[in-house]
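Colleague: requesting a structural model of the entry that follows:
(4 chains)
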2 protein chains.
Amino acid sequence: MAKRMPPAQLATLLRDAITRLNRRVRQTRPVGDLTGTQLSALTSLELAGALTPRELADTERVQPPTMTKIVAKLEERGLVQRTPHPTDGRQVILATTDTGRAMLAQFDRARNEWLAGRLAELTPEDRDALQRAAEILQKVARD
Amino acid sequence: MAKRMPPAQLATLLRDAITRLNRRVRQTRPVGDLTGTQLSALTSLELAGALTPRELADTERVQPPTMTKIVAKLEERGLVQRTPHPTDGRQVILATTDTGRAMLAQFDRARNEWLAGRLAELTPEDRDALQRAAEILQKVARD
DNA sequence: TCACGGTCGTTAGCCTAACTAATAAGCTAG
DNA sequence: CTAGCTTATTAGTTAGGCTAACGACCGTGA
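Modeller: Below is the predicted model:
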């Protein structure tokens, strides 16, 4: 591995690597027509269990009106379900439907296929390094 | 660090980490108004020296009409320059102008600021891990 | 108790960025 | 020299983001 570099240079290197990999992964968008944004929102919702639109917007780092549109499309396809909030009449509770969960599993598999294949070709040491890095990056990205 | 995980699971973890970090970095769009797309195209062009619109579209993994629009905006701001192809009358040669190069340097600095700050807060060991990971990811992303 | 300020979700309107289809211009091989 | 390919552009559509504005609803303080 190359010499230890200053944070600014590492930032450039990391950003470049991540941008490229991200494009790469996005290109392998599979059959069916959930866009990346929709898939991401649906995933967040599934992970959280149930969220209000506002909460989902916050986790997706998007403004509420944007989330309104995204949710509308997901609802159109029967992937998420709205129910009224039990005590607060303003709020709405969003949750994934069974259809949504099934779709999610299917897409996740297809989406991961390319990257997983690539990773399988690496040495176990390289994979360990990436696993550690992923955990660090999660922390860094978290606000 | 967690137990060693199979490639498919690592792929999910990595993809998630990278998606989040990418959004984060994109949010720190600096002063002046070059969009991410425009910045990316300008960068590719600068790295390659000179390209035709088709070649630039290919490197950006975008369809030619999309690149037409991007280039039009960059040209409007005097950041890239078109010159006719010496032998093929259909083609056009694109290159960055001095203004474009200056803008590029400035934006790159601003773009890195947030991430570099974040990285500076990590331990040297964590930074080493990220550096190694970035190098591995470059390889993985390279077709 | 009720009026008023704040919150939640949505609508409307705008912009960027991507796509496909169609077209004009130019090249090249038979 | 013409028929067919390639290059770039134009036109039109869709997704996805934003801000501004609004109606419905909550909760608190006079």
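Colleague: tell me where the model's unsure across chain A.
Modeller: A:1-2, A:23-32, A:111, A:143 (pLDDT under 70).
Colleague: what about the residue positioned nearest the centre of it, distance to A:Gln81?
Modeller: The geometric centre of chain A, computed from its C-alpha atoms, lies nearest to A:Ser40 (CA atoms, centre = their mean), at 4.0 Å. Per CB to CB, to the nearest Å, A:Ser40 is found 18 Å from A:Gln81. Glycine gets a C-beta too; all of them are placed from N, C-alpha and C.
Colleague: got the buried residues for the helix or strand A:Leu10 falls within?
Modeller: Here A:Leu10, judged by DSSP states H and E, is contained in helix A:7-27. Across helix A:7-27, burial judged by 16 or more other CB atoms under 10 Å in any protein chain shown covers A:7-8, A:10-15, A:17-22, A:24-25.
Colleague: near DNA strand C at all, that helix?
Modeller: No. Counting by CB under 7 Å from any atom of the strand, DNA strand C has no neighbours in helix A:7-27; the shortest distance is 8.9 Å.
Colleague: roughly how far out does that helix sit from the chain middle?
Modeller: 17 Å (CA atoms, centre = their mean, to the nearest Å).
Colleague: spell out which parts of chain A neighbour DNA strand D.
Modeller: A:35-38, A:61-63, A:65-66, A:69-70, A:73, A:87-90.
Colleague: for A:Thr35, what are phi and psi?
Modeller: phi -80, psi 170 (degrees, to the nearest 10).
Colleague: can you point out the buried residues in the helix ranked longest in chain A?
Modeller: The single longest helix within chain A, with elements called by DSSP state H, is helix A:98-120. Buried positions in helix A:98-120, judged by neighbour count with 16+ other CB under 10 Å: A:100, A:103-104, A:107-108, A:111-112, A:115-116, A:118-119.
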